[in-house]
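Enquirer: Sequence first, then the predicted structure, then my questions.
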Amino acid sequence: MSAVLERTEAPASAITSESTEAVASLTHITKRYANGVLALDNLSLTLQGGEIVSLLGPNGAGKSTAVKLMMGLSSPTSGSVRIFGADPRHTITRLRTGVMLQAGKAPEMLRVCEYVNIFRGYYPQPMPYADIVRAASLEGIESRFFGQISGGQKQRVLFALALAGDPDLLFLDEPTVGLDIEARRGMWAQIRSLATRGKTVLLTTHYLEEADALADRIVVINKGCVVCEGTPAEVKSLGSALSGASTSRSLKIIRCSTSLPATTLLAIPGVTTADRSGILTTLTSTEPERTLRELLALDQTLHSLEVQSPALEDAFLALTANP
Amino acid sequence: MSTATITLPAAHSNTLTRNLRIFLTEARYEFTRLLRTSGFSLSVIGFPVVFYLFFGLIMPRGEHIGSVTVSKYMLAGYAVFGMVGAALFGIGGGLASELSTGWLELKSASPMPPLAYLLAKCCTAMAFGVIIVSLLSVLGITIAHVSITFPEFARMIALTLVGTVPFACMGMVIALLVPFNAAPGTINMIYLPMSFCGGLWIPIMMLPHILQKFALLLPTYHLSQLMLGAFGYASAGSTSSHWLGLLGFTLIMLGIASIAFRRLEQNS
């Protein structure tokens, strides 16, 4: 535990010296659960100081398993996990990390401010109380019981607990689930400001828009393996190449409410797919102008028309599509 | 070399102070939380109080059997009944719920020392035990004019503190083995028969012979005999055999808990 003292004596320089080397690493990790499920298959992942990395993948891809391994909550079947060059289960490591786990829920009968103070008490140099309240937008709900607040507010309290120790490394497992748009943008701003202060953030998310808006680097995983990694722009271009969009640079997604049957839609020039859900029909077209002219001519009652370029979402779907 | 010998004890004492401080915070908030959870505090304190009021105070009406004051005899049984409930529901129920909601996982990922968490829960159960035993004693003294000397009361409180431990371990085992929604039902299915068969409601010698034999396996029996011993009312077995019984039960529970915990860890 003498290491605890070392940290309290020389805190500031530690962050800057580590920004050039790996803050966290998973090396050739295989994780097989007792029930035989292979969650991670020879996965390697490195986080550099001060970067925001987003871990993307469909349900069951192994994102939460990767986070749990990095937090030392679970041990790998093979491979090694290092956080700040040490074992993630050591107290010295945990003093420098903060975590927000998926579906975490606190007992109901304690107040928000009490939880913040309990967690602040775990660290020798916690973030000031007022800063935490501001960063997690807890103003006005501090004296309410955890059981009384809304789902989004609960999520913000859990974010506050992750910040309590002013950690150098933060794991956020789907942090903005259940937040309204304003709260989500607020949390994004906080995550960005953490990175500008030299903190490292690993973020798993289902909101691809979130990864696109926040991450310096996106790591797409599927079935426990890294499918690809790169900047959001690189991942998008790779995805569109895989989805076949590279052969036609003008691929567009057309959404509208139309009464035309799928067979008619697929016969329209340029249309590659047609998919109806509810009252909206989604088409992909390699010749959007021709498709639109034809579509409008065929259906005079067509409304709610929208034309979009394929986004990260499509890249993501293409990358993680089952062969 | 000299720096190492100076800094190491300093670091060690620093860690100890930190752990102690965290433990005190955990214990304070665990107690506050359970006190505010009326579903817990009302039933855990209310049941033994109401039971003792009816069966230990109103029904016997100051009756004596030989040198034994019935209300005082019953006080020992209901005191054990109350503290066992606080330990089983406080720790078993609390831990099961925190395991299922992921709260325990979040705490394990934090730098909180795990022992601080467990001891805080155990001490909270002890505090509830002390409240229940004190309340029952006050009722006995005021309503049935039961005479309890200060050394007797002090022995009751000491037994409450120590006696909470085996049942805290049992609560932990239930929480680790039984899914959260089945935990309260399971606890009741163990708690109530164990109380009856251990002689907490009806004096052990009034139970059928076979149940008296079976009671030797129950921690409630051993604890209640020790509690009765504090009043000079113990009916069977030596004090040391009751202590051994409680110790054995605690060790078995700790053994099962460590196996269950390892299994849980392997599955995570």
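Expert: That came through fine.
Enquirer: which SSE is the spatially most central residue of chain B in?
Expert: Nearest to the centroid of the C-alpha atoms of chain B, with distances taken as Cα atoms, centre = their mean, sits B:Thr164, at 2.9 Å. With elements taken from DSSP states H and E, the one containing B:Thr164 is helix B:150-177.
Enquirer: list the buried ones in that helix?
Expert: Of the residues in helix B:150-177, those buried by neighbour count under the rule 16 or more other Cβ atoms under 10 Å in any protein chain shown are B:155-157, B:159-161, B:163-177. In short, each C-beta sits where N, CA and C put it, glycine included.
Enquirer: Likewise for stretch A:164-183?
Expert: Applying a neighbour-count criterion of 16+ other Cβ under 10 Å, the buried positions in stretch A:164-183 are A:164-176, A:179, A:183.
Enquirer: Stretch B:50-64 too?
Expert: Burial within stretch B:50-64, assessed by neighbour count using 16+ other Cβ under 10 Å, is assigned to B:51-53, B:55-57, B:60.
Enquirer: right, quick check: stretch B:96-109 against chain A, any contact?
Expert: Yes. Figure legend: stretch B:96-109 in contact with chain A (Cβ under 8 Å from any Cβ of the partner chain); contacting residues B:97-98, B:101-103, B:105-106, B:108-109.
Enquirer: quick one, helices of chain A?
Expert: Secondary structure of chain A, counting by DSSP state H: helices at A:2-9, A:12-18, A:63-70, A:91-94, A:112-120, A:129-135, A:151-163, A:181-196, A:208-214, A:232-242, A:262-267, A:288-298, A:312-320.
Enquirer: Taking the stretch 201-323 of chain A, what residue is nearest to chain B?
Expert: With Cβ to the nearest Cβ as the measure, the residue in the stretch 201-323 of chain A that lies nearest chain B is A:Leu202; the distance is 13.1 Å.
Enquirer: related to what we said a few turns ago, who are the packing partners of the helix holding B:Thr164?
Expert: Based on contacts counted as 3 or more Cβ pairs under 8 Å, 6 or more residues apart in numbering or on different chains; DSSP states H and E, the elements that helix B:150-177 packs against are helix B:70-87, helix B:94-100, helix B:114-143, helix B:183-197, helix B:219-230, helix B:239-267.
Enquirer: and the stretch 1-150 of chain B, which of its residues are near chain A?
Expert: With Cβ under 8 Å from any Cβ as the criterion, the stretch 1-150 of chain B comes near chain A at residues B:7-8, B:10-12, B:14-15, B:18, B:21-22, B:25-26, B:29, B:32-34, B:36-37, B:94, B:97-98, B:101-103, B:105-106, B:108-113.
Enquirer: just to revisit the earlier point, how about the contacts made by the residue nearest to the centre of chain B?
Expert: For B:Thr164, the contacting residues are B:83, B:86-87, B:122, B:125-126, B:129, by Cβ atoms under 8 Å, 6 or more residues apart in numbering or on different chains.
Enquirer: hmm, 7 Å instead?
Expert: Going by Cβ atoms under 7 Å, 6 or more residues apart in numbering or on different chains, B:Thr164 touches B:83, B:87, B:122, B:125-126, B:129.
Enquirer: Tell me the one among those nearest to chain A.
Expert: B:Ala125 (15.6 Å).
Enquirer: Looking at the buried residues of stretch B:50-64, which are in helices?
Expert: The members of those that map onto helices under DSSP H are B:Phe51.
Enquirer: Present the buried residues of stretch B:50-64 as JSON lines; the columns should include pLDDT.
Expert: Shown next, in JSON lines, are the buried residues of stretch B:50-64 (pLDDT from 0 to 100):
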{"residue": "B:Phe51", "pLDDT": "94"}
{"residue": "B:Tyr52", "pLDDT": "94"}
{"residue": "B:Leu53", "pLDDT": "93"}
{"residue": "B:Phe55", "pLDDT": "90"}
{"residue": "B:Gly56", "pLDDT": "89"}
{"residue": "B:Leu57", "pLDDT": "88"}
{"residue": "B:Pro60", "pLDDT": "81"}
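Enquirer: Closest one of the buried residues of stretch B:50-64 to B:Leu228?
Expert: The shortest approach to B:Leu228 among the buried residues of stretch B:50-64 belongs to B:Gly56, at 13.3 Å (Cβ to Cβ).
Enquirer: Once you drop chain neighbours, what's closest to the closest one?
Expert: B:Met74 (3.3 Å; Cβ to Cβ, 6 or more residues apart in numbering or on different chains).
Enquirer: So what's the predicted local confidence for the one you found?
Expert: You'll see B:Met74 listed with a pLDDT of 93.
Enquirer: What of the one 4 residues further on?
Expert: Model confidence at B:Tyr78, given as pLDDT, is 96.
Enquirer: so it sits right up against B:Leu136, yeah?
Expert: Yes. The pair B:Tyr78 and B:Leu136 passes the contact test of Cβ atoms under 7 Å, sitting 5.7 Å apart.
Enquirer: so what's in contact with those two at the same time?
Expert: Taking Cβ under 7 Å, 6+ apart as the contact criterion, the residues that touch both B:Tyr78 and B:Leu136 are B:48, B:52.
Enquirer: For stretch A:81-92, give the mean pLDDT please.
Expert: This predicted structure assigns stretch A:81-92 an average pLDDT of 93.
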